[in-house]
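> model this:
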Amino acid sequence: MRSKLPRYPFITIGNLIDKQSTSFISSVDENGFPNTKAMLAPVKREGIKTFYWHTNAPSVKVKQYRNNPKACIYFCDKRFFRGVMLKGTMEVLDDEKTKGEIWRDEFSVYYKGGADGGDFTILKFTAEEGRYYSNFSSEDFKIE
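Next up is the predicted model:
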């Protein structure tokens with residue numbers, strides 16, 4: 001049974017997410033199989049509904065998200081063995097405004113051409129529902 005509000009408040013889930021240096025994102029390949037990749041933590045988050053990452057434009061995952069926006073992200077707190085999975089859609093954002101808002105000078109290590117060099121792009125994930133795991137139990141919830 002899906003609850004509208006989780007027993008664990010969204011703020012607890014947000015705190016778990018903020019403390020992780022690694023996140024996991026999943027896409028769907030051309031044969032319908034899931035592909036999961038470890039990423040750095042999101043560079044921006046709005047509640048537990050919207051997340052942003054930077055990535056290389058020619059990457060396999062960018063192509064997969066352009067073909068099928070269904071996505072899943074996961075954050076795991078290894079110390080307390082708890083985690084949250086969010087399901088939703090991933091958009092590839094190439095517009096200069098969003099790239100300018102997300103860009104940080106330290107990203108030049110990854111993108112030699114800078115924000116405008118053609119290799120820098122943004123992934124925007126929008127969650128629809130999730131599952132929180134803690135204390136040997138899990139709970140599904142909707143995100144509105």
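> show me what counts as buried in the one helix or strand residue 122 maps to.
Assigned by DSSP states H and E, residue 122 falls within strand 120-134. Within strand 120-134, the residues that qualify as buried are 120-127, 130-134, counting by 16 or more other CB atoms under 10 Å. Where you see a C-beta, it was placed from the backbone N, CA and C, and this is true even at glycine.
> over to stretch 137-144?
Those would be 141, 143, for stretch 137-144 by 16+ other CB under 10 Å.
> quick check: mean pLDDT across it?
Across stretch 137-144, pLDDT averages out at 91.
> quick check, distance from it to the centre of its chain.
In terms of CA atoms, centre = their mean, to the nearest Å, the centre of stretch 137-144 is found 17 Å from the chain centre.
> using PDB, write down the CA coordinates of it.
Taking Å, rounded to 0.1, in the frame of the first residue of the first chain, the C-alpha atoms of stretch 137-144 are listed here in PDB:
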ATOM      1  CA  SER A 137      11.700  -2.000   6.800                       C
ATOM      2  CA  SER A 138      10.800   0.100   3.900                       C
ATOM      3  CA  GLU A 139       7.900   2.400   3.000                       C
ATOM      4  CA  ASP A 140       6.700   3.600  -0.400                       C
ATOM      5  CA  PHE A 141       5.500   7.200  -0.800                       C
ATOM      6  CA  LYS A 142       4.300   9.600  -3.500                       C
ATOM      7  CA  ILE A 143       5.800  13.000  -4.100                       C
ATOM      8  CA  GLU A 144       3.500  15.800  -5.100                       C
END
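> neighbouring strands of the strand holding residue 122 in the sheet, and parallel or not?
strand 50-56 (antiparallel), strand 82-93 (antiparallel), strand 137-142 (antiparallel) (DSSP bridges).
> please identify which of those is closest to residue 71.
strand 82-93 (3.8 Å; CB to CB).
> need the next SSE after the closest one, C-terminal direction.
helix 96-102.
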